[in-house]
Every structure is written in C-alpha cells, then in structure tokens.
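Asker: Got a sequence here, can you build the structure:
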Amino acid sequence: MTTDWTAEARRITRGKRFDELGTPAAGSAAAPPPLSDAEILAAEAELGITFPEQYRAYLLRQSAGDTVNRLYRSAAGWGWHGDSSTNYALLTSDFPHPDSYRAYEDELDEREPQAQDFPDHDAYQAASDQWDAEYEVFQERKTSGAVFIQENGCGFSTLLVVTGPHRGSLWFDGRATCDQILPLKLDGRPVSFTDWLAHPSMDLVQW
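Answerer: Below you'll find the predicted structure:
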C-alpha cells in the first residue's frame with residue numbers, strides 16, 4: 001500500500017502546539033512555585049510518559065529557571081511554556097538514535113524527484129509534494145519521545161529524552177546548520193540533567 005505522505009504529515013503536525021503555550025500563564029510576575037508531586041503525576045498521566053528522575057526532582061524544587069522551558073498546565077492541558085517544537089503526539093514513541101535512520105535518510109535523499117525524470121510539470125509537482133511530505137514526517141519523527149527543553153537561539157534547541165532506551169539523556173538539535181542531532185557529553189560521558197543545568201548546552205556538543 002502506498003503511503004499518502006501529505007495526509008500523514010498533516011496528522012503528525014497536529015501533535016504540535018503553536019499557540020496554546022505561547023503566552024505567559026495568568027498570575028503575578030513572580031517566579032512560579034515548584035510543582036507538587038500530585039501535579040507531576042497529573043502531567044505524566046496526561047502526557048502518557050514518566051519523567052526522568054533528575055528532571056522530576058528539578059520540577060519538585062524549581063518550576064523553571066533561566067531558559068529552561070517551564071512545565072505548567074494551561075487551558076490546552078499540561079505542556080512546556082514557550083515551546084512550539086515538541087510533538088505531543090510522539091512523546092510516547094521511543095526516541096530514535098541517529099544511527100537507526102541514517103540508511104533511510106540516504107535512501108530518501110537519493111530518490112528526491114528531479115524534473116527531468118517526469119513527463120510534465122504536474123507529474124513532477126505531485127511527486128515533489130509527496131516527497132516533501134515524507135521528508136517532513138521523517139524530520140518530525142527524529143525527535144519522537146523527546147521534549148524541546150531549552151531554546152538555544154538561531155534555530156538550535158536542547159532535547160530531553162523522556163521515552164525509550166535513551167530516556168534521561170540530553171541531545172542537541174543542530175539541524176538548523178549541520179542537519180544533525182547530537183548527544184551532549186561531558187568528559188566523554190553522556191550528560192545527566194543535573195550536569196546539564198550547570199553547563200551551557202553549546203559547551204557540551206560533540207561536533
């Protein structure tokens with residue numbers, strides 16, 4: 001069966017929240033209080049995930065600080081304030097290690113439609129639209145099971161993995177320039193959430 005990639009891209013895009021979490025929560029301008037254990041359990045139940053232990057401990061002692069996206073409940077439900085990149089529909093899917101999709105990415109690049117291979121412009125446009133949609137779905141799935149926990153500017157972000165064998169690890173989304181998602185490391189070892197809080201993300205990227 002041939003996949004309708006345009007329909008699949010529309011379906012997956014619905015998992016992102018572009019507006020609901022873009023404005024501050026109502027209340028005073030003071031720093032928000034830490035979350036309670038009951039609130040964290042409610043967020044986990046709604047999102048369908050279990051937070052990594054160090055992140056959970058952070059939520060219990062500090063709701064948000066510096067540039068870490070704040071977890072809070074809005075009219076849209078539990079989510080991360082200021083974040084329009086996390087795909088909530090994919091949070092329960094395992095985060096894929098980049099090695100797992102390199103072959104597919106190469107194959108996808110090789111079959112990008114070329115105008116000279118089609119009898120007319122309409123046929124080329126239809127094929128291009130399907131390829132573009134498949135590529136969009138592929139890029140979206142690269143961050144399955146991960147939260148965009150921090151915006152680093154210039155299109156860069158830090159990811160906290162919440163689902164799958166890499167749960168609790170932090171990654172750097174550098175696709176804006178190098179088209180790679182890279183693990184954060186400190187002294188050659190994976191960075192813990194606690195380590196990451198003490199170091200700027202860019203210092204931990206293994207380019």
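Asker: pLDDT of the lengthiest helix in the chain, averaged?
Answerer: As assigned by DSSP state H, the longest helix anywhere in the chain is helix 121-141. Averaging pLDDT along helix 121-141 gives 97.
Asker: Which elements pack onto the helix or strand just after that helix?
Answerer: Counting by DSSP states H and E, the next helix or strand C-terminal to helix 121-141 is strand 146-153. Under the contact definition 3 or more CB pairs under 8 Å, 6 or more residues apart in numbering; DSSP states H and E, strand 146-153 sits against strand 77-80, strand 156-161, strand 170-173. Quick note: C-beta positions are derived from backbone N, CA and C, even for glycine.
Asker: Which residue ranges of this structure form strands?
Answerer: For the chain, applying DSSP state E gives strands covering 71-74, 77-80, 146-153, 156-161, 170-173, 181-183, 185-186, 189-190.
Asker: Would you mind putting those into JSON lines with mean pLDDT and mean neighbour count alongside?
Answerer: Compiled in JSON lines, those are given as follows (pLDDT from 0 to 100; neighbours: other CB atoms under 10 Å):
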{"stretch": "strand 71-74", "mean pLDDT": "91", "mean neighbour count": "18"}
{"stretch": "strand 77-80", "mean pLDDT": "93", "mean neighbour count": "19"}
{"stretch": "strand 146-153", "mean pLDDT": "92", "mean neighbour count": "21"}
{"stretch": "strand 156-161", "mean pLDDT": "94", "mean neighbour count": "24"}
{"stretch": "strand 170-173", "mean pLDDT": "95", "mean neighbour count": "24"}
{"stretch": "strand 181-183", "mean pLDDT": "94", "mean neighbour count": "18"}
{"stretch": "strand 185-186", "mean pLDDT": "90", "mean neighbour count": "15"}
{"stretch": "strand 189-190", "mean pLDDT": "88", "mean neighbour count": "12"}
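Asker: for those, which one sits closest to Gln130?
Answerer: strand 181-183 (24.6 Å; CB to CB).
Asker: How far off centre is that closest one?
Answerer: Averaging C-alpha positions (CA atoms, centre = their mean, to the nearest Å) puts strand 181-183 12 Å from its chain's average.
Asker: Which residues are in contact with His166?
Answerer: Residues near His166 by CB atoms under 8 Å, 6 or more residues apart in numbering: 95, 97.
Asker: that older thread, who wins for proximity to Ser100 among the strands of the chain?
Answerer: The nearest among these, by CB to CB, is strand 181-183 at 11.5 Å.
Asker: Who are the packing partners of the closest one?
Answerer: strand 170-173.
Asker: For this structure, list the residue farthest from the centre, please.
Answerer: Pro119 (39.1 Å; CA atoms, centre = their mean).
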